[in-house]
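**Student:** coords below, sequence missing:
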């Protein structure tokens, strides 16, 4: 058996991790301690893990998170009004597979952005394509895309995302283009993909925030609110604590 040829063939088939591990076994003379089935399983598992790790790295990069948020660092202090059992159920990400939404509201600094990014990070680890963005920045980008003719292409990208995270929703007043853009996004994703929204504005005030013609606001709220889980965070600002910023 020509091991060099085997290794080169594995690399040609883009099985680099398998080729590298096989070369190590050859150099260390560790081929005789396993059956053929066991050895094939070791090589296959190594290649699989390498591919999965690269996939997760790619998903995390594409998600564009601002923080390296982690579920293990979530603060469940009673004053935060964050039920640990309820949030643990959300952390299973069943709401994504059921194509449901999630709304997290609370005052500035209570940790909304950290929560949504921690959930987004977990979604990436679970293989879900995720995209995080500040809402106003997304609207600005989509306005520019209407000018250069790439608007529909940008919408298609958003539709393909398993979990879309809209942070700081409603901080800036909506104009007509913003309302139409939000309707396009939500209408395409409703019942098809999950959308996670964080906002300093309570849901009860969203009708006024969206503004414009009442029928459009009603349609948007119906699609966003009625299919979403809700968390109302409370407590003091965490910006000067362990979570230095949302």
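**Tutor:** Received, thanks. Just so it is clear, the structure is predicted and the values come from calculations on it, not from any experiment. Residues are numbered from 1 along each chain as shown.
**Student:** what separates residue 6 from residue 26, distance-wise?
**Tutor:** 9 Å (C-beta to C-beta, to the nearest Å). (Each C-beta comes from the backbone N, C-alpha and C, glycine too.)
**Student:** in the worst-scoring helix or strand of the chain on mean pLDDT, what's buried?
**Tutor:** Least confident helix or strand of the chain, by mean pLDDT, DSSP states H and E, is helix 16-27 with a mean of 75. Within helix 16-27, the residues that count as buried by 16 or more other C-beta atoms under 10 Å are 17-23, 25.
**Student:** Just the pLDDT at the closest residue to residue 17 other than its chain neighbours, thanks.
**Tutor:** Nearest in space to residue 17, with sequence neighbours left out and distances taken as C-beta to C-beta, 6 or more residues apart in numbering, is residue 50 at 3.6 Å. Looking at residue 50, its pLDDT stands at 80.
**Student:** I'd say residue 50 and residue 15 touch.
**Tutor:** No. Residue 50 sits out of contact with residue 15 when judged by C-beta atoms under 8 Å, with a separation of 9.2 Å.
**Student:** Have a look at those two and say which one is more surrounded.
**Tutor:** Between residue 50 and residue 15, residue 15 has the larger neighbour count (other C-beta atoms under 10 Å), namely 20 against 16.
**Student:** in this structure, which spans are strands?
**Tutor:** Counting by DSSP state E, the chain has strands at residues 101-105, 130-134, 163-167, 194-199, 228-232.
**Student:** how about JSON lines for the ones you listed, with mean pLDDT, distance to residue 181 and mean neighbour count added?
**Tutor:** Putting those into JSON lines (pLDDT from 0 to 100; distance: least, C-beta to C-beta, whole Å; neighbours: other C-beta atoms under 10 Å) gives the following:
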{"stretch": "strand 101-105", "mean pLDDT": "97", "distance to residue 181": "18", "mean neighbour count": "23"}
{"stretch": "strand 130-134", "mean pLDDT": "98", "distance to residue 181": "12", "mean neighbour count": "21"}
{"stretch": "strand 163-167", "mean pLDDT": "98", "distance to residue 181": "11", "mean neighbour count": "25"}
{"stretch": "strand 194-199", "mean pLDDT": "97", "distance to residue 181": "14", "mean neighbour count": "25"}
{"stretch": "strand 228-232", "mean pLDDT": "96", "distance to residue 181": "19", "mean neighbour count": "16"}
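**Student:** Throw those into a markdown table and include distance to residue 114, thanks.
**Tutor:** Output for these, formatted as a markdown table (distance: least, C-beta to C-beta, whole Å):
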| stretch | distance to residue 114 |
| --- | --- |
| strand 101-105 | 10 |
| strand 130-134 | 12 |
| strand 163-167 | 10 |
| strand 194-199 | 10 |
| strand 228-232 | 13 |
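**Student:** Nearest to residue 150 among the ones you listed would be which one?
**Tutor:** When those are compared by C-beta to C-beta, strand 130-134 sits nearest residue 150, at 16.3 Å.
**Student:** by contact count, what packs against the closest one?
**Tutor:** In terms of contacts (3 or more C-beta pairs under 8 Å, 6 or more residues apart in numbering; DSSP states H and E), strand 130-134 is packed against helix 36-63, helix 112-125, strand 163-167.
**Student:** can you pull the contacts of residue 77?
**Tutor:** Residue 77 makes contact with residue 235, according to C-beta atoms under 8 Å, 6 or more residues apart in numbering.
**Student:** same thing with the one 10 residues further on?
**Tutor:** With contacts defined as C-beta under 8 Å, 6+ apart, the neighbours of residue 87 are 74, 76, 231.
**Student:** domain assignment for this structure?
**Tutor:** The chain breaks down into these domains under automatic domain parsing: 3-62, 64-232.
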